[in-house]
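> pasting the structure only:
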């Protein structure tokens, strides 16, 4: 009987110790994570953004009667900031990182894909939503992932998809509305997508040396080596030359 109590007591001590280690490890990990933050800019004059004719679908045209829609292959904002650039870690990760848990979303809104460029981690869930009063047909064109082509009715349930392989980029079109075009950029690990000011950030990077790649649909890619320190932001800048 006495031996049984000793086993119970020892087991309890080990459980408490294990919990303490787990809690301590989580705190240290969070405290030691680093961040990369920066901007992507365009050097020169951005090309003219052409207007998009939606007259073949009156409901689509009506959604933009007060503000005509233009192409989005090169979008610049404040101080030459370049939007829709995906910045991701192309070298330096272990390859064992868990997929990001928060789903990303691709909307069909005003007969456009929004955002025009969406990034997603391998294995991360992507929700595709139809906010229009029109039938859409989502047709990605991958070469390294399984191909699919799905229709989505107005008010229909969101599509929930994941991607198996890294692929940069996956063009997306709508067979019903040929002007609808977007890109899905499937990466492995942390990523950031620039906003209208060209700003981006990558969170929760362990300290270490990495290669970052910036991808833009019209200008291709650039790479840059960075060193991430514990608990500190690392500043990075990319500049693409206008054509």
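Cool, got the structure. None of the values given here were measured: they were computed from a predicted structure.

> pull out the buried positions in stretch 162-173.
Within stretch 162-173, the residues that count as buried by 16 or more other CB atoms under 10 Å are 163, 166-170, 172-173. Backbone N, C-alpha and C define where each C-beta goes, glycine included.

> show me what whichever strand or helix holds residue 238 is packed up against.
In the assignment (DSSP states H and E), residue 238 maps to strand 233-241. Judged by 3 or more CB pairs under 8 Å, 6 or more residues apart in numbering; DSSP states H and E, the packing partners of strand 233-241 are strand 34-43, strand 208-216, strand 220-228.

> 6 Å instead?
Packing contacts for strand 233-241, counted by 3 or more CB pairs under 6 Å, 6 or more residues apart in numbering; DSSP states H and E, involve strand 34-43, strand 220-228.

> what residues does the longest one touch?
Judged by CB atoms under 6 Å, 6 or more residues apart in numbering, the contacts made with strand 34-43 from elsewhere in the structure are 76, 80-82, 85, 194, 198-199, 201-203, 205, 207, 214, 228-229, 233-242.

> out of the residues you listed, which end up buried?
Under a neighbour-count criterion of 16+ other CB under 10 Å, the subset of these counted as buried comprises 76, 80-82, 85, 194, 198-199, 202, 205, 214, 228, 234, 236, 238, 240.

> shaky segments in the protein?
Per-residue confidence for the chain (pLDDT under 70) gives these ranges: 1-31.

> about what we covered before: same list (the helices and strands packed on strand 233-241) but as TSV, adding distance to residue 54.
Written out in TSV, the entries for the helices and strands packed on strand 233-241 read as follows (distance: least, CB to CB, whole Å):
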stretch	distance to residue 54
strand 34-43	27
strand 220-228	29
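
> of those strands, which stretch is the most buried?
strand 34-43 (a mean of 20; mean count of other CB atoms under 10 Å).

> excluding residues flanking it in the chain, which one is nearest residue 153?
Of all residues beyond its chain neighbours, the one nearest residue 153 is residue 135 (5.8 Å), with distances taken as CB to CB, 6 or more residues apart in numbering.

> would you agree residue 223 is in contact with residue 215?
No - in this structure residue 223 lies outside contact range of residue 215 using CB atoms under 6 Å: 10.2 Å.

> contacting residues around the residue nearest the centre of the chain?
Of all residues in the chain, the one closest to the mean position by CA atoms, centre = their mean is residue 119, 2.4 Å from it. If you count contacts by CB under 6 Å, 6+ apart, residue 119 has them with 86, 185, 191, 193.
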